[in-house]
Structure formats: structure tokens, C-alpha cells
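Chemist: A structural model of the following input is requested.
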Amino acid sequence: MHRVRLLVLLSGVLLVASLSHAQTATGETLMLDLPRQSQHALVMQRIGITDITVNYHRPLADGRQIWGKLVPYGQVWRAGANENTTITFSDPVTIEGQALDKGTYGLHMIPGENQWTVIFSKNSTSWGSFTYKQEEDALRVNVKPQAAELHDALAYDFDDVKPDSAVVTMRWDKVAVPFKVEVKVNDIVTASIHRQMHGLNQYYWEGWDDAAGYFLANKINLDEALKDEDSRFRRKNGLTTCSANRGFSRRWAVRTTPRRSKTRCWRRLTLCNSILMPVNCRWRRSKTRLWRSTGPVRRSFRMTGHRTWDWLGSTARREILTAQ
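Modeler: Numbers count the residues shown, from 1 in each chain. Predicted structure coming up:
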């Protein structure tokens, strides 16, 4: 009886020891933070305002036959070494034309001689592909492998980077496996602008100016760009938002000095939606007038309160109206 208890106790100790010293395929223990044979790497690319990050480990070919032997064809492979290779998208994207929501995914691949399957799994915390389950797939796409120069260490790169897309390429040994990632940049940036302008940015003219400038540069949402330019003017000059029903918010007196007269003339102007409009008032005879029947002359106005206001027919406003 005593001998049986001793054998059971010894078996338990050996089991705990084996579990507590988990090892990689190369015999590396995981208890301490030590150098690993397949070193950790991180690569990131921004497309528009969308960040794409690949987190992986880099196994070495080291003269071994990789494809079809070390990594068998037709079987799910972790697309790296050690823990799951993961890929993170900060916004929704399309992979080879198929939609994929934002988030972090476990990246797996099924190698083939003429075709590879790239798998984006909802499970991103597993160890390699040993517990992979197909029902956890978020997306699968098929791609064609390409011949490449020898890469002893596995690497992920972002190739063919464009304003709204990039190609993520896995290279190892003499094989490259690319898949294209596309982003709806204008839609994402527009939604981001709306979120940002609901915060403190709405109280600063620079934010409205950036928003209008982006819409104008990309020839989108021009009606909104015009409103943002109006908001920029109001914030920059300390004005409150005017009511469209009333037709104006404030009236200001603009003082001008005619070139050939020392008499100072006063004229009242109405400000509505960032457009200065003349109001009925009497002018003394002068050859210099800031306003004509065809519209405002381009120059600055010195307002009461010693404010210099920029001309409402600004370059940005004219460009937006022209683009419309």
C-alpha cells in the first residue's frame, strides 16, 4: 500500500513538472523571458487613418526544405512560429474584394503548390494552429503564390502601397504569398471627422478648417465643406451661429476712410452664414467703397473692437463653390 502511494505521488510530481516547463517545437522553455530561436517581429502600415498590424515570429529556413516537408501542403499552418500570428485592423477593410470587420484575427494559411488559402480566424489567442477550428473562421480567401528571392527568415511586408490599399506579403524561403487589403478611406475619414467634431474640436476654428480642406481636396461632401468653412469663419472671428430663420445674428459698424476725404464714413453690415451683406444706410460721396453692387471687394475690414476680419469670399470658399 505504501509503495502504491509513493508511485502515485511520484507520477503527480512528474506530471506537474512536465506541464510547468512547456516547450516550443525547438525545445525552448516558456517560463523565463529569454532569447528565442524564432524571434518576435511587428510590422505596421497606415492606409488613410486605418492601421494594419501584423504580429508574428520569424522562423529560420536554415538550409531545410520548407514547403511540402517542414510545412506540409494541404494542412493548416500558423503562418509563422510559436504563438498565433495575428493581424489587426483598426477599421473595416476588404481582403481580396471580400469584406472583413475591424478587429484582431488569428492568421493561418493552407499552403499548396499552385494555390494558397489565407484564413482570418476569430480566435487570435491560441498557440499556433494546433487547436484551429474552421467554424471560428471570419474569412477565407484564395491567392496565388509567387516565386521570390531567398528569405532565410520569414517576413511580412507591405508592398504596392497606395492611398487606399496595400498588399500584405508573406515571404519565406523562395516563396511569396500576397493578399490585397483595401480601405474605404473617404467613408472612414468622413465618419471620423463627424466623431471628432462632436468633441472639443468643434470650438476651435482649426478643426473646421481641416475638415473643409479635406473634403475640398478629395472633391467629396462639398455641401458639408461649405458649412465647415462657414463654421471656421465664425469660430475664428468669435461669432455665434446665426439663425437661418432670423436671417442674421449680429450687426456691425464698419469704418472706412475714403482716399480723398478725411471724413469717416460708417456703414452697417449684416452677418449671416458667414456672408457679409450691405444694409440700407447712407454713404457720403466717396470714390472708395468697400462694397459694390456686384459684391465685396477683396480686402480686410477693421471692425469695431479692433478686429481684422478676413474676406468672406475667401480662397477656400471660392474653391468649394467652383468644385460644386
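
Chemist: hang on, Asn123 is in a strand, isn't it?
Modeler: No. Per DSSP: H, G, I helix; E, B strand; the rest coil, Asn123 lies outside any strand segment and is coil.

Chemist: Please name the nearest non-neighbouring residue to Asn186.
Modeler: Ranked by C-beta to C-beta, 6 or more residues apart in numbering and with sequence neighbours excluded, the top spatial neighbour of Asn186 is Ile220, at 5.5 Å. C-betas here are computed from N, CA, C, even on glycine.

Chemist: Need the three-state assignment for that neighbour.
Modeler: Of the three states, Ile220 takes coil according to three-state DSSP.

Chemist: Could you check the pLDDT of it?
Modeler: Listed pLDDT for Ile220 reads 89.

Chemist: Tyr156 contacts His57, doesn't it?
Modeler: No. In this structure Tyr156 lies outside contact range of His57 using C-beta atoms under 8 Å: 10.9 Å.

Chemist: residues shared between the contacts of the two?
Modeler: Ala41 (C-beta atoms under 8 Å, 6 or more residues apart in numbering).

Chemist: quick one, what contacts Asp152?
Modeler: Counting by C-beta under 8 Å, 6+ apart, Asp152 makes contact with Leu60, Ala61, Asp62, Asp173.

Chemist: which of the residues in the helix or strand hosting it are buried?
Modeler: Asp152 is part of strand 146-162, with elements assigned from DSSP states H and E. Across strand 146-162, burial judged by 16 or more other C-beta atoms under 10 Å covers Ala148, His151, Leu154, Ala155, Tyr156, Asp157, Phe158.

Chemist: likewise stretch 78-92?
Modeler: Buried, per 16+ other C-beta under 10 Å, within stretch 78-92: 78-87, 89-91.

Chemist: could you dump those to JSON lines with secondary structure?
Modeler: Listed next are those as JSON lines, based on three-state DSSP:
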{"residue": "Arg78", "secondary structure": "coil"}
{"residue": "Ala79", "secondary structure": "coil"}
{"residue": "Gly80", "secondary structure": "coil"}
{"residue": "Ala81", "secondary structure": "coil"}
{"residue": "Asn82", "secondary structure": "coil"}
{"residue": "Glu83", "secondary structure": "coil"}
{"residue": "Asn84", "secondary structure": "coil"}
{"residue": "Thr85", "secondary structure": "coil"}
{"residue": "Thr86", "secondary structure": "strand"}
{"residue": "Ile87", "secondary structure": "strand"}
{"residue": "Phe89", "secondary structure": "strand"}
{"residue": "Ser90", "secondary structure": "coil"}
{"residue": "Asp91", "secondary structure": "coil"}
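
Chemist: now, among these, which is nearest to Ile188?
Modeler: Comparing those against Ile188 with C-beta to C-beta places Asp91 closest, at 5.0 Å.

Chemist: these two touch, right, that closest one and Glu182?
Modeler: No. Between Asp91 and Glu182 there is no contact, the gap being 11.4 Å when judged by C-beta under 8 Å.

Chemist: where in this protein is pLDDT low?
Modeler: 1-30, 238-324 (pLDDT under 70).

Chemist: the domain parsing of it - what is it?
Modeler: 33-183, 186-323 (automatic domain parsing).

Chemist: follow-up on the earlier one: count of neighbours near the residue nearest to Asn186?
Modeler: Using other C-beta atoms under 10 Å, Ile220 is surrounded by 15 other residues.
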